[in-house]
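Peer 1: Predicted structure and sequence below. I'll ask about it afterward.
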Amino acid sequence: LIEIRELYKNQEAYLDKEITVGGWVRSIRDSKAFGFIVINDGTFFTPLQVVYHDDMENFEEISKLNVGAAVVVTGTLVATPQAKQPFEIQAKTVTVEGASAPDYPLQKKRHSFEYLRTIAHLRPRTNTFQAVFRVRSLTAYALHKFFQERGFVYVHTPIITGSDCEGAGEMFRVTTMDMGNVPKTENGAVDYTQDFFGKETSLTVSGQLNAETYAQAFGNVYTFGPTFRAENSNTTRHAAEFWMLEPEMAFADLEDDMDLAEDMLKYVINYVMENAPEEMKFFNSFVDKGLINRLTNVATSEFARITYTDAIEILKKHNDKFEFKVSWGIDLQTEHERYLTEEVYKRPVFVTDYPKDIKAFYMKQNPDGKTVAAVDCLVPGIGEIIGGSQREDDYEKLATRMEELGMKTEDYGFYMDLRKYGSTRHAGFGLGFERCIMYLTGMGNIRDVIPFPRTVNNCEL
Ligand code: 4AD
Ligand code: MG
């Protein structure tokens, strides 16, 4: 079979030649003596039109096909200069590989994203989701390419963990299914706190703590994988299972961290615009008008950088616009983040040096005693897309902070060791991969950029 992508990329090589393609029927239209089938094989955004005639022995069978059927077509590729698409295939044979039932849920009309979420197994056959998931795949590749080109070592950090990186207690507990081996409490009930062969474990919320250990061996590393948060929030930007990309650099501070984040975002924007032009044009026309313009501007201008304290001063002046009123010490809400990036700066913004009480235990304490060397990157349309920090590299300061927060340093022996054996200044961040895809595509709901979303009340397939 020849991929439709290949036909579009190298059409001269195939014009007026006999070729065979396989795909799924997008639409079908028949007259008395001939008909048209539009098929897509998933390799290219633009589909292929097939023309078939009544001289075929299975003409009847073809004419009765329903949308969604799988067919293999052999015929000649001919140029169609007057039509929208550059060519079509004049079929010699159309073999029906798998018919489709008449109740196929995807018809030619536009379906709402809400409806398509209920058929997450079929929605990748629609234009929008073909575009979203091709861009998602390309973006993952672009991120790897960016870090590999810069010599970062890819570390596979564990999914099952005994530590709570963010200290927010939003973790999914791991329980054992080996019922012969279930830990029991004294009264014989299942002891769910002792479930990983006698230890309490959870699904990771971040690979950072593990990545830090490898940064203290390799210098620059990154991890990229699924992370889990048991936050019961039903928003368009939160999922219980999402992917996070986390670089970590030794001998680096917060400025280096922001430089890396900015370079990375610009790189993936350029990569996707160059390598998925059809998809990006589609988003620009049907999902978010102005997307390409905006991304082009972002790729060529500097991100803003302000401190949390300055951001609060700016936001306080607009308190009448906010549901949640602003004062020093609050955690920025989405409405504040979006106001800063959409109204004040109209481009991505790094906000740095947050109050220590609203940030995680591991962040480097600033000399002012009140703030930590944290950074969030906010982008228009979404808000926070990246969260990062310089890490506390001083053993005593870290231990004191952990005690203040009621954490036991014994539980984090490996982490404390890094501050004992050749501690360096180091920094890193986490990019929410789905939020990045939302940003690149203009899609407005996290459920529409992850193949099988896991959100509250959503785990059917
Ligand atoms: O800001 P967060 O919680 O940072 C960390 O986890 C650090 N340990 C990262 C690091 O420094 N290595 O999460 C990082 C990013 C957020 O900015 C957001 O984009 C995304 O992860 N994120 C979520 N995305 C979807 N659903 C959720 N529930 C998310 N929670 C965080
Ligand atoms: Mg954060």
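Peer 2: Alright, I've got the coordinates. Ligands and ions are numbered 1, 2, ... in the order given.

Peer 1: Verify the stated contact: residue 301 with residue 347.
Peer 2: Yes - if you go by CB atoms under 8 Å, residue 301 and residue 347 touch, sitting 6.0 Å apart. Heads up, the C-betas are built off the backbone N, CA and C, glycines and all.

Peer 1: These two: who's more crowded?
Peer 2: Neighbour count, other CB atoms under 10 Å: between residue 301 and residue 347, residue 347 has more, with 17 against 12.

Peer 1: pLDDT value on that one, please?
Peer 2: According to the prediction, residue 347 has pLDDT 94.

Peer 1: and it, helix, strand or coil?
Peer 2: coil (DSSP: H, G, I helix; E, B strand; the rest coil).

Peer 1: Around residue 321, count how many other residues there are.
Peer 2: Neighbours of residue 321 (other CB under 10 Å): 12.

Peer 1: ok, it - contacts?
Peer 2: Residue 321 is in contact with residue 339, counting by CB atoms under 8 Å, 6 or more residues apart in numbering.

Peer 1: any idea how far it is from residue 384?
Peer 2: 19 Å (CB to CB, to the nearest Å).

Peer 1: same thing with residue 359?
Peer 2: With CB to CB as the criterion, residue 359 and residue 384 are 13 Å apart.

Peer 1: So for those two, which sits in the more crowded spot?
Peer 2: residue 359 (21 against 18).

Peer 1: Mind pulling the model confidence for the more buried one?
Peer 2: 96.

Peer 1: which ones are touching it?
Peer 2: 372, 374, 389.

Peer 1: where are the low-confidence patches of the chain?
Peer 2: The chain contains residues with pLDDT under 70 at 177-183, 192-195, 197.

Peer 1: Which positions in this structure make contact with ligand 1?
Peer 2: 165-166, 206, 208, 229, 231, 238-239, 242, 244, 246, 384-389, 428-430, 432, 434-435, 446 (CB under 6 Å from any ligand atom).

Peer 1: how near is the residue lying closest to residue 185 once chain neighbours are set aside to ligand 1?
Peer 2: Nearest non-adjacent residue to residue 185, counting by CB to CB, 6 or more residues apart in numbering: residue 191, 4.5 Å away. Noted for residue 191: a distance of 28 Å to ligand 1, by CB to the nearest ligand atom, to the nearest Å.

Peer 1: go on, residue 350?
Peer 2: Residue 350 is 12 Å from ligand 1, by CB to the nearest ligand atom.

Peer 1: from now on call the first residue 43
Peer 2: Sure, I'll start counting at 43 from here, so that last one is residue 392.

Peer 1: Sheet partners, orientation included, of the helix or strand encompassing that residue?
Peer 2: Secondary structure from DSSP states H and E places residue 392 in strand 391-397. Using DSSP bridges, the strands paired with strand 391-397 are strand 346-349 (parallel), strand 413-421 (antiparallel).

Peer 1: for the ones you listed, which one ends up most surrounded?
Peer 2: Each of the strands paired with strand 391-397 was given a mean neighbour count from mean count of other CB atoms under 10 Å, and the largest, a mean of 24, is that of strand 413-421.

Peer 1: thinking again about what came up before, just the buried ones from the residues of the chain next to ligand 1?
Peer 2: Neighbour-count burial (16 or more other CB atoms under 10 Å) applied to these gives 207-208, 248, 250, 271, 280-281, 284, 286, 288, 426-431, 470-472, 474, 476-477, 488.

Peer 1: Restricted to strands, list these.
Peer 2: 284, 286, 288, 426-431, 470-472, 474 (DSSP state E).

Peer 1: What is the most widely separated pair among the residues you listed?
Peer 2: 284 and 431 (19.4 Å; CB to CB).

Peer 1: returning to what we had before: tabulate the strands paired with strand 391-397 (CSV), appending distance to residue 499.
Peer 2: CSV is the format used below for those (distance: least, CB to CB, whole Å):
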stretch, distance to residue 499
strand 346-349, 38
strand 413-421, 28
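
Peer 1: so which of these comes closest to residue 55?
Peer 2: Here strand 413-421 is closest among these (CB to CB), at 41.5 Å.

Peer 1: Tell me which residues are up against that closest one.
Peer 2: Residues contacting strand 413-421 (CB under 8 Å, 6+ apart): 295-296, 299-300, 303, 307, 340, 345, 349-351, 374, 379-380, 382-383, 390-398, 401, 405-408, 426-432, 469, 471, 481.
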